[in-house]
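Q: With the sequence up front, the predicted model follows.
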Amino acid sequence: MFILLCSLWYTTSALSSNTGKAILNEFRYPITLTFVQFGFVAFYCLLLMTPVLRFSKLRAPTKAILRDTLPMGFFQVGGHVFSSMAISRIPVSTVHTIKALSPLFTVAAYALLFGVSYSAKTYTSLLPLTFGVMLACSSDFSLSNAVGLLCAFGSAVVFVSSNIFFKKIMPTNHGGGLSQPSHKLDKINLLLYSSSMAFILMVPIWLYYDLPIFLSPSDRVSHPSHGHSNPHSVTYYFIMNGTVHFAQNIIAFVILSSTSPVTYSIASLIKRVAVICIAIMWFNQSVHPIQAFGICLTFAGLYMYNNAKSDVEKGEKKMMRVEAARDLKLPTTNADARMMAGTDSPPESYANMAMTSATGLGSASIVHGRPRAASAVSHLNAHNLSVKITAPSFNTKRSPKDRITSPTDSYPSPPPSLDSPPSSTVPLSGAQVGLFELPEHSHRTTTIS
């Protein structure tokens, strides 16, 4: 099943890029293409929520949902517009080879902006990746392709910034914790709101850039010089592109939710290789030997980076721990506790912090990242604690050693001094030594003040 899903993922990803290139060869308006893509994705999400299919139930929009999906819409618009502009000017294989530099941008951002240090293994993996992309793009360095190359780099930077933003900003502190807010959306609702938000944000961009061209005389509409070489119409490619673009997103969600992050990263690496190879064969692209060597070097760099990715994740978690201690945040889940403690299992003090932050009770041995003296409570095993409450008995005689005592009875009282006033305590008539104990068959009520 997993192999089938990966095959569908690679196929839909390749079709999405290649049909987009086929559209832009005859209809060179990347803003319109991106605009239509977001519309198709939102439409298919609503289609899956209809009473006939019922793959999901539409969540009513709330202020929290709109607040969290609005940044997603901005990043989606920026990344996909840059990607479409790049595909309209340079080959698909070159665009995806440049996007393979995402690990370099990620490591550079965490190292320069947040002071995260990585091992030599991570930095070494970036060398073949960088040189491979440079060699793969060597034959495309021309004045006409400069804009396309810059747009491809811009798309990679936007998506890396999106990843960093949602790791740093979106896990906001709701109720003192680090976890995601309670209005978590399912896959289809998340895709619906993010694509719908991107579609709405694209409206003014499309009105400004492409609509005036469409309203102008036909001779002002630019077309490529090589003419209409595709066997199908532009409308056919638009429908096909929107369909496979939606399928690509859904399959990626399904694979991510059904496998581990390591398996997903490996599958994503193979997807990058498959999309580049399929694009070269789809358009019968001639590849220079230097370009071929650069592409192979890029694949080797991606493989090396994937092996060193655990070190990158450790660096990201270290940065999150430092920021959590600086912002005085407390964990609310075991995952947060493991992240803040830097261990695979949450320590005992972190495991009780969620209850402490909610009730004000519990151990105070570690608060806000500062060590404090361990109390007696912190040495108790929270999993073995039990409380037995027994109602007081009014008919059973107790010995003095069994009487109910206050929590401070274990501390000896100081002896009375010479200046101490005489005790004004009046013993209760007929009362026993123990508190609340009265003679048997006594119905008299005594008020103790």
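A: Alright, I've got the coordinates.

Q: Walking through the stretch 1-150 of the chain, point out its helices one by one.
A: 2-26, 30-48, 63-87, 92-99, 102-114, 120-136, 146-168 (DSSP state H, counting those that start in this stretch).

Q: a markdown table for those, including mean pLDDT and distance to residue 274?
A: C-beta: built from backbone N, CA, C; applies to glycine. Putting the helices of the stretch 1-150 of the chain into a markdown table (pLDDT from 0 to 100; distance: least, Cβ to Cβ, whole Å) gives the following:
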| stretch | mean pLDDT | distance to residue 274 |
| --- | --- | --- |
| helix 2-26 | 92 | 4 |
| helix 30-48 | 95 | 21 |
| helix 63-87 | 93 | 17 |
| helix 92-99 | 90 | 10 |
| helix 102-114 | 86 | 17 |
| helix 120-136 | 87 | 16 |
| helix 146-168 | 88 | 18 |
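
Q: Tell me, how many residues neighbour residue 290?
A: 12 (other Cβ atoms under 10 Å).

Q: nope, residue 103 is what I was after
A: Using other Cβ under 10 Å, residue 103 has 23 other residues around it.

Q: Hmm, it is touching residue 127, no?
A: No: counting by Cβ atoms under 8 Å, residue 103 stays clear of residue 127, with 11.6 Å between them.

Q: before we move on, back to that, among the helices of the stretch 1-150 of the chain, which is the most enclosed?
A: helix 92-99 (a mean of 26; mean count of other Cβ atoms under 10 Å).

Q: Extract the CA atoms of that one and return them as PDB.
A: Coordinates of each C-alpha in helix 92-99 appear next as PDB, following Å, rounded to 0.1, in the frame of the first residue of the first chain:
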ATOM      1  CA  VAL A  92      11.100  22.000 -15.000                       C
ATOM      2  CA  SER A  93      14.100  19.900 -14.200                       C
ATOM      3  CA  THR A  94      16.100  23.100 -13.400                       C
ATOM      4  CA  VAL A  95      13.400  24.500 -11.200                       C
ATOM      5  CA  HIS A  96      13.300  21.400  -9.100                       C
ATOM      6  CA  THR A  97      17.000  21.100  -9.000                       C
ATOM      7  CA  ILE A  98      17.200  24.600  -7.500                       C
ATOM      8  CA  LYS A  99      14.500  23.700  -5.000                       C
END
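
Q: now what about that helix, what contacts it?
A: Helix 92-99 has contacts (Cβ atoms under 8 Å, 6 or more residues apart in numbering) with 17-18, 21, 83, 86-87, 132-133, 136-137, 140, 148-149, 152-153, 155-156, 159, 272, 275-276, 279-280, 282-283, 285, 287, 294-295, 298.

Q: Apart from its chain neighbours, what residue comes closest to residue 252?
A: The shortest distance from residue 252 to any non-neighbouring residue, by Cβ to Cβ, 6 or more residues apart in numbering, is to residue 9 (6.3 Å).

Q: Also residue 45?
A: Closest to residue 45 by Cβ to Cβ, 6+ apart is residue 192, at 3.7 Å.

Q: Give me the angle between the helix or strand where that neighbour lies and helix 30-48.
A: Using DSSP states H and E, the element containing residue 192 is helix 187-209. Here helix 187-209 points in a direction 150 degrees away from that of helix 30-48 (axes from the mean of the first three to the mean of the last three Cα atoms, to 10 degrees).

Q: List the buried residues for helix 187-209?
A: Within helix 187-209, the residues scored as buried using 16 or more other Cβ atoms under 10 Å are 187-199, 201-202, 206.

Q: and of these, the nearest to residue 55?
A: Closest approach to residue 55 among the buried residues of helix 187-209 (Cβ to Cβ): residue 188, at 6.2 Å.

Q: Chain neighbours aside, what residue packs nearest to the closest one?
A: In space, residue 188 is closest to residue 56, 4.1 Å off (Cβ to Cβ, 6+ apart).

Q: same check, this time on residue 298
A: That would be residue 132: by Cβ to Cβ, 6+ apart, it lies 3.4 Å from residue 298.

Q: Distance-wise, check that neighbour relative to residue 110.
A: Using Cβ to Cβ, to the nearest Å, one obtains 22 Å as the distance from residue 132 to residue 110.

Q: ok, how many other residues are close to the residue nearest to residue 188?
A: 16.

Q: so where is this structure shaky, pLDDT-wise?
A: 139-144, 168-183, 218-231, 262, 310-449 (pLDDT under 70).

Q: Using PDB, list the CA coordinates for stretch 38-47.
A: What follows is stretch 38-47, C-alpha atoms only, in PDB (Å, rounded to 0.1, in the frame of the first residue of the first chain):
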ATOM      1  CA  PHE A  38      -5.900  27.400  -5.800                       C
ATOM      2  CA  GLY A  39      -9.500  27.600  -7.100                       C
ATOM      3  CA  PHE A  40      -9.400  23.900  -8.200                       C
ATOM      4  CA  VAL A  41      -8.000  22.800  -4.900                       C
ATOM      5  CA  ALA A  42     -10.700  24.600  -2.900                       C
ATOM      6  CA  PHE A  43     -13.400  23.300  -5.200                       C
ATOM      7  CA  TYR A  44     -12.300  19.700  -4.900                       C
ATOM      8  CA  CYS A  45     -12.100  20.000  -1.100                       C
ATOM      9  CA  LEU A  46     -15.700  21.200  -1.000                       C
ATOM     10  CA  LEU A  47     -16.700  18.400  -3.400                       C
END
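
Q: Show residues contacting that stretch.
A: Residues contacting stretch 38-47 (Cβ under 8 Å, 6+ apart): 53, 58, 76, 80, 188-189, 191-192, 195-196, 198-199, 202, 239, 241-243, 245-246, 249.

Q: So residue 252 lies in a helix, does it not?
A: Yes: counting by DSSP: H, G, I helix; E, B strand; the rest coil, residue 252 is located in a helix.

Q: Can you give me the neighbour number for it?
A: Per other Cβ under 10 Å, the neighbour tally for residue 252 reads 20.

Q: how far away is it from residue 298?
A: As judged by Cβ to Cβ, residue 252 and residue 298 stand 21 Å apart.

Q: Ok, residue 290 next?
A: Counting by Cβ to Cβ, the gap from residue 290 to residue 298 is 13 Å.

Q: isn't the residue nearest to residue 188 right next to residue 190, touching?
A: No: contact criterion Cβ under 8 Å: residue 56 and residue 190 do not qualify, at 10.0 Å.

Q: residues in contact with the residue nearest to residue 298?
A: Contacts of residue 132 by Cβ under 8 Å, 6+ apart are 97, 100, 294, 295, 296, 297, 298, 299, 300, 301.

Q: what's the most distant pair in those residues?
A: Most distant of these, by Cβ to Cβ, are 97 and 300, 12.9 Å apart.

Q: which one of the buried residues of helix 187-209 sits closest to residue 1?
A: The closest of these to residue 1 turns out to be residue 187 (Cβ to Cβ; 17.3 Å).
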